[in-house]
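*Asks:* after the sequence you'll find the predicted model.
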There are 2 protein chains.
Amino acid sequence: MHFECLAQDGAARLGRLRLRSGEVATPAFMPVGTLGAVKGLSARQLHELGVQMLCANSFHLALRPGLDVIRSHGGLHGFCGYKGCILTDSGGFQAMSLGGRLTNDGTALRLRSPHDGAQVLLDPATVMACQQVLRPDIAMVFDECTAYPADHHTAQASMERSMGWAEHCRAVMQDDDIALFGIVQGGIYPDLRAHSLERLMSMGFEGLAIGGLAVGETAAERLQVLDALCPLMPPHKPRYLMGVGRPLDILEAVRRGVDLFDCVIPSRHARNGQLFTMQGIVRIRNAAHGAARAPVETGCPCPACHDGLSLAFLHHLERNGDPLWVQLATAHNVSFYMRLLLMIRQAIGQGTLEALHRHAREQLETSAPVAY
Amino acid sequence: MHFECLAQDGAARLGRLRLRSGEVATPAFMPVGTLGAVKGLSARQLHELGVQMLCANSFHLALRPGLDVIRSHGGLHGFCGYKGCILTDSGGFQAMSLGGRLTNDGTALRLRSPHDGAQVLLDPATVMACQQVLRPDIAMVFDECTAYPADHHTAQASMERSMGWAEHCRAVMQDDDIALFGIVQGGIYPDLRAHSLERLMSMGFEGLAIGGLAVGETAAERLQVLDALCPLMPPHKPRYLMGVGRPLDILEAVRRGVDLFDCVIPSRHARNGQLFTMQGIVRIRNAAHGAARAPVETGCPCPACHDGLSLAFLHHLERNGDPLWVQLATAHNVSFYMRLLLMIRQAIGQGTLEALHRHAREQLETSAPVAY
């Protein structure tokens, strides 16, 4: 892995990340394909939409289709057909959201398979072995995602455990083809975050992620963590804010120096009938769209907008449960995120990120009705 | 509309159909996009798969999104974004399958909206007015689709009613841009079919369809009707067998001189986990596919096969309810039908249709397990 910072605008960085499967222009957004595919879109379509890196989940993939199947395909790239870069998360977040519990000896998390309720035990060794089968471009250490809210004592104990696990992960994952990222934990406490970062920096990870956010904390708490943490992070390593977020969340984090993002929002919102535009969110189920001839957003290069499909037609597809709705809406939202990140990278290169931020805040915070 | 017969092989015809929106090489298969879209596929994808004509349904479209919406888009092409040729069916088949009843005076069919149970009245004038709003390349007369089984007397009365309605349709539909096809009825009775054809020929339709088949009759009964009817049909007009069918059904009808087909099978089978191949049907839910690295069919140009996606990955998508399954499977099946029809046209041009028929019968009738 090679990371190069090409330009800065304040704390924001324009960069280039070279990985086994290709280059990624940063700041970058990774759509989430938990099971190896962004629901409704093919690998070919992701590429055509300009996606350079996909975020998949090693925990879910180990359950379905299982590691033997992926091993026989030579890894996740061969299985899902995506030729760009892939990052796999380790399952720490899933353990939290699925109600996993620490084992008595504190060395593993125990949780239930969402498919059949079977007991699953996750620890650093198994999670690293799993990711060595998946062979992503970037693997994540196994961590405990501290739930929110957590008092200082709880957050500290949880963070310390994650740091021990990170050491274990680093020790067993020594694969030149797979970059390993450490994950900073510590809840909303700047001192714990700083301590966690220091521990991780001593272990020699290729990149550093900020975990345990986007789990219920307020936007102000999240920004406080970033404000405290980002200035301490080494400038020559990529920084990944996990699970974030909405367009303005991304802009705020980029302004503080974050390079990588992933979030289910563009794909999940699409399935729920919500389309992103530079003028705010379009809710396709709104009856007013049922007769609207305009496309979702003029000038958007996604297939639906490019081909001039009307809001009325999309409303019709969504209303009738046509899977084409999921395809077109997800493609539109992913395309919106790619466009947003391109604008961000251009603004950093031109030193105009603050102007873009002001403009986006005005446009996106007001949810003005769309005019036809 | 202009129809030209370029070559014959026995009774089979290689032809070219020129319509307002383009040319269609015949024999041709129309995928069914009841509501203006083949479920899961965009108009752009249909075009890329080689589809030249789409079959939509005027009854369903009049209910949803309603004619006002389609009128404001300048017709169905503008609404659904498909630039190729479109044929709209008239609703006669839907009236039968949704349990519609003849009104007391015999001038209309009364049925319930599948959406809200509201009463809908269909008669020749309203159905033609509807299709004038949709502006397809080919419109179908409004007919009564005689249910199977029907005794000779019932089939005759129903056919006579349809012939009266056809006259009415022809009288009100005088639009140079929309070709109007008459529909031969008469159940499984050759004498009634011959009489129906004679009546329609005197009315001056641009093409002739064979309706009231694929409604439960045996394959032998269907072929008997075609054997009796096709030799009587005028050679200079296109012949459309409505609602048929499976690959071998199409081959049998082409051998008897049919030019056009539509059927929900490729798209519906895809949604139900069944993929067509030249070696028979692949049932993706079969557990054996869960570990299979082979594509569905080597050499198939559909996105999934072309990109080398494995049966295991497709099995995984279907099992997890990913709408990408519907997209890829429907594209594969539509691509299979396009390939089958291309092979049929080439065979007619080369005088080798009988050899193709024998070969297809051997390959497709045996449901040999797929080997990996």
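*Replies:* Thanks, I have it. Numbering: from 1, shown residues only, chains lettered A, B, ... in the order given.

*Asks:* contacting residues for the residue of the stretch 151-300 of chain A at minimum distance from chain B?
*Replies:* With Cβ to the nearest Cβ, the shortest gap between the stretch 151-300 of chain A and chain B falls at A:Ala291, namely 5.3 Å. No exception for glycine: its C-beta is placed from N, CA and C like everyone else's. Applying Cβ atoms under 8 Å, 6 or more residues apart in numbering or on different chains, we find A:Ala291 in contact with A:312, B:65, B:68-69, B:72.

*Asks:* kindly report the same for A:Val326.
*Replies:* A:Val326 neighbours (Cβ under 8 Å, 6+ apart): A:39-40, A:270-271, B:323.

*Asks:* take these and keep only those in helices.
*Replies:* Under the assignment DSSP state H, these contribute A:270-271, B:323 to helices.

*Asks:* buried stuff in stretch A:137-157?
*Replies:* A:137-146, A:148, A:150, A:155-156 (16 or more other Cβ atoms under 10 Å in any protein chain shown).

*Asks:* wait, I meant stretch A:40-58
*Replies:* A:40-46, A:49-58.

*Asks:* and A:Phe205, how far is that from B:Cys305?
*Replies:* 40 Å (Cβ to Cβ, to the nearest Å).

*Asks:* what does chain A put close to chain B?
*Replies:* Taking Cβ under 8 Å from any Cβ of the partner chain as the criterion, chain A approaches chain B at residues A:35-37, A:39-44, A:64-65, A:68-69, A:72-73, A:79-81, A:290-291, A:293, A:303-304, A:307-310, A:312-313, A:315-317, A:319-320, A:322-324, A:326-328.

*Asks:* show me the contact partners of the lowest-mean-pLDDT helix or strand in chain A.
*Replies:* Lowest on mean pLDDT, DSSP states H and E among the helices and strands of chain A sits helix A:92-97, with a mean of 90. By Cβ under 8 Å, 6+ apart, the residues outside helix A:92-97 that reach it are A:57, A:59-60, A:100, A:109, A:111, A:122, A:140, A:142-147, A:162, A:183, A:211, A:215, A:242-243.

*Asks:* from the contacts of A:Ala291, which ones fall inside helices?
*Replies:* Of the contacts of A:Ala291, the ones assigned to helices by DSSP H are A:312, B:68-69, B:72.

*Asks:* would you mind checking the contacts of A:Ala291 for buried ones?
*Replies:* The buried subset of these (16+ other Cβ under 10 Å) comprises A:312, B:65, B:69, B:72.

*Asks:* just give me the residue closest to the centre of chain A.
*Replies:* The residue lying closest to the centre of chain A (Cα atoms, centre = their mean) is A:Asp262, at 1.1 Å.

*Asks:* now the strands for the stretch 251-372 of chain A?
*Replies:* A:260-263, A:274-277, A:280-283 (DSSP state E, counting those that start in this stretch).

*Asks:* can you get me a residue count around A:Asp227?
*Replies:* 12 (other Cβ atoms under 10 Å in any protein chain shown).

*Asks:* ignore the last one, A:Ala253
*Replies:* 25.

*Asks:* pretty sure it contacts A:Met242?
*Replies:* No: contact criterion Cβ atoms under 8 Å: A:Ala253 and A:Met242 do not qualify, at 10.9 Å.

*Asks:* which residues does the residue in the stretch 101-250 of chain A positioned nearest to chain B contact?
*Replies:* Using Cβ to the nearest Cβ, the closest approach of the stretch 101-250 of chain A to chain B is made by A:His115 at 9.5 Å. By Cβ under 8 Å, 6+ apart, A:His115 lies in contact with A:63-64.

*Asks:* tell me the predicted confidence for it.
*Replies:* With respect to pLDDT, A:His115 has a value of 93.

*Asks:* let's verify it: helix, strand, or coil?
*Replies:* Put simply, A:His115 is coil when judged by DSSP: H, G, I helix; E, B strand; the rest coil.

*Asks:* quick one on the thing from earlier: closest to B:Leu226 among the buried residues of stretch A:137-157?
*Replies:* A:Asp137 (58.2 Å; Cβ to Cβ).

*Asks:* which residue packs closest to the closest one, ignoring adjacent ones?
*Replies:* By the measure of Cβ to Cβ, 6 or more residues apart in numbering or on different chains, the closest residue to A:Asp137 outside its immediate chain neighbours is A:Leu19, 3.9 Å from it.

*Asks:* what does the one you found show for phi and psi?
*Replies:* Main-chain dihedrals, A:Leu19, degrees, to the nearest 10: phi -120, psi 180.

*Asks:* ok, A:Met140 next?
*Replies:* Phi and psi for A:Met140, reported as degrees, to the nearest 10, are phi -110, psi 140.

*Asks:* tell me how far it lies from A:Pro295.
*Replies:* Separation of A:Met140 from A:Pro295 (Cβ to Cβ): 38 Å.

*Asks:* follow-up on the earlier one: now secondary structure too, for the buried residues of stretch A:137-157, in a markdown table please.
*Replies:* Output for those, formatted as a markdown table (three-state DSSP):
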| residue | secondary structure |
| --- | --- |
| A:Asp137 | coil |
| A:Ile138 | strand |
| A:Ala139 | strand |
| A:Met140 | strand |
| A:Val141 | coil |
| A:Phe142 | coil |
| A:Asp143 | coil |
| A:Glu144 | coil |
| A:Cys145 | coil |
| A:Thr146 | coil |
| A:Tyr148 | coil |
| A:Ala150 | coil |
| A:Ala155 | helix |
| A:Gln156 | helix |
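
*Asks:* alright, I will stop here.
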